[in-house]
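Asks: what follows is a predicted structure for the sequence shown.
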Amino acid sequence: MREIKLLGRVFIQGDIVARTGLHIGSGSAGVEIGGIDNTVVRDPLTQAPYIPGSALRGKMRFLAERLAGVEQNQAMGPNVYIHACTDAKQYSQCEICPIYGLPSEFEFSGPTRLNVRDVFLDVDSLIDARTEFPYTEIKWEATIDRISSAAVPRVMERVPAGARFKDFEMVYSIYEYQSEDTEEDGKADLDRLFKVFEAMQLLSDEHLGGLGARGSGCIQFENLGVAFRPSTSYGRMSKPITYSDYTNSLESLLEQSDAIYSWLAEQLGW
Ligand SMILES: [Zn+2]
């Protein structure tokens, strides 16, 4: 037996501003573009750099795993491990897997609660920036060859500080979920939502993308807002209901956690 019922969706929206240069690699290692061996990911349509939702969500998961101190037991690639619950009891109490999902289909796994969309660059935010390439600067890095101890110059591409990625959207679903091992009425999912806020805070104290230890990838959330769409309104109501209080900064969002909880509980008819 497995029953999953959607109760509603919470939308966390806002902008992401690069406080230092941002390097989210295109993953095309070895491909040289204009002499740069480490290029940033770009939207194939507009050629503007963007933040893939998977990069944002992956980093939030990583930081949340570190905070919770959970075992990173699932290999995702060479030297890349993530945490993955191995049974239903662990999953129902986990702060990570229900939110960010499990890498493969485990029988006890419920739906992944958090969906993070790609975030696109507001090109106007870089209108006055003098950059070597469209919307990106190049940064010279000296890496030390471990064998010869010689300094090896590397050229990195970064989106410059001040770049604004507008209208990000994280969609968090609240489910009633029943299986042979688990029974959740949706309240557990509402509690878990605040782990997402926590991960956003962890991210703003850390970095996004590459070269973080060298100062890149410092980001700030701005113009934040929260909205909710109850499942009963699908097909009848075009826009989600917006949480009315001011939640511009991450600090104010966190300060209003309790009020947001009560507001959502009320929307859910609890
Ligand atoms: Zn887990």
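Replies: Looks like it came in fine. Residues are numbered from 1 along each chain as shown.
Asks: nearest residue to Gln72 other than its sequence neighbours?
Replies: Counting by Cβ to Cβ, 6 or more residues apart in numbering, Gln72 lies nearest to Tyr81, which is 4.0 Å off, once chain neighbours are set aside. The way it works is simple: take the backbone N, C-alpha and C, and place the C-beta from them, glycine included.
Asks: using the three-state scheme, assign the one you found.
Replies: Tyr81 falls in the strand class when you classify it by DSSP: H, G, I helix; E, B strand; the rest coil.
Asks: got a pLDDT number for it?
Replies: Looking at Tyr81, its pLDDT is 87.
Asks: tell me the helices in the protein, going along the chain?
Replies: 53-68, 88-92, 97-100, 187-205, 250-255, 257-267 (DSSP state H).
Asks: tell me the angle the fourth one makes with helix 257-267.
Replies: Read that as helix 187-205. 150 degrees (axes from the mean of the first three to the mean of the last three Cα atoms, to 10 degrees).
Asks: contacts for helix 187-205?
Replies: 7, 10, 12, 56, 59-61, 63-64, 67, 92, 95, 98-99, 113-114, 170, 172-175, 177, 219-221, 250, 253-254, 257, 261, 264-265, 268, 270 (Cβ atoms under 8 Å, 6 or more residues apart in numbering).
Asks: before we move on, what about the third one?
Replies: Residues from elsewhere that reach helix 97-100, judged by Cβ under 8 Å, 6+ apart: 57, 60-61, 64, 83-85, 91-92, 109-110, 112-114, 172, 188-189, 192, 195-196.
Asks: any idea how many residues pack against whichever residue of the stretch 101-250 of the chain sits closest to the ion?
Replies: Nearest residue of the stretch 101-250 of the chain to the ion, counting by Cβ to the ion: Leu102, 7.6 Å away. Using other Cβ atoms under 10 Å, Leu102 is surrounded by 21 other residues.
Asks: shouldn't it be in contact with Thr86?
Replies: No - between Leu102 and Thr86 there is no contact under Cβ atoms under 8 Å: 9.8 Å.
Asks: quick one: Ser92 and Ser179 touch, right?
Replies: No - using Cβ under 8 Å as the test, Ser92 is too far from Ser179 to be in contact (9.3 Å).
Asks: low-confidence regions, the stretch 51-200 of the chain specifically.
Replies: 104-105 (pLDDT under 70).
Asks: for it, which residues are neighbours of the ion?
Replies: Cys85, Cys94, Ile96, Cys97 (Cβ under 5 Å from the ion).
Asks: so who does the third one touch?
Replies: Ile96 makes contacts with Arg61, Ala64, Glu65, Ala68, Val70, His83, Cys85, as judged by Cβ under 8 Å, 6+ apart.
Asks: all strands of this protein, in order?
Replies: 2-18, 50-51, 74-77, 80-82, 114-116, 119-122, 137-144, 151-158, 164-179, 183-184, 219-230, 241-242 (DSSP state E).
Asks: so which elements touch the fifth one?
Replies: Counting contacts by 3 or more Cβ pairs under 8 Å, 6 or more residues apart in numbering; DSSP states H and E, strand 114-116 packs against helix 53-68, strand 164-179.
Asks: mind doing that once more with 10 Å?
Replies: Applying 3 or more Cβ pairs under 10 Å, 6 or more residues apart in numbering; DSSP states H and E, one finds that strand 114-116 contacts strand 2-18, helix 53-68, helix 97-100, strand 164-179, helix 187-205.
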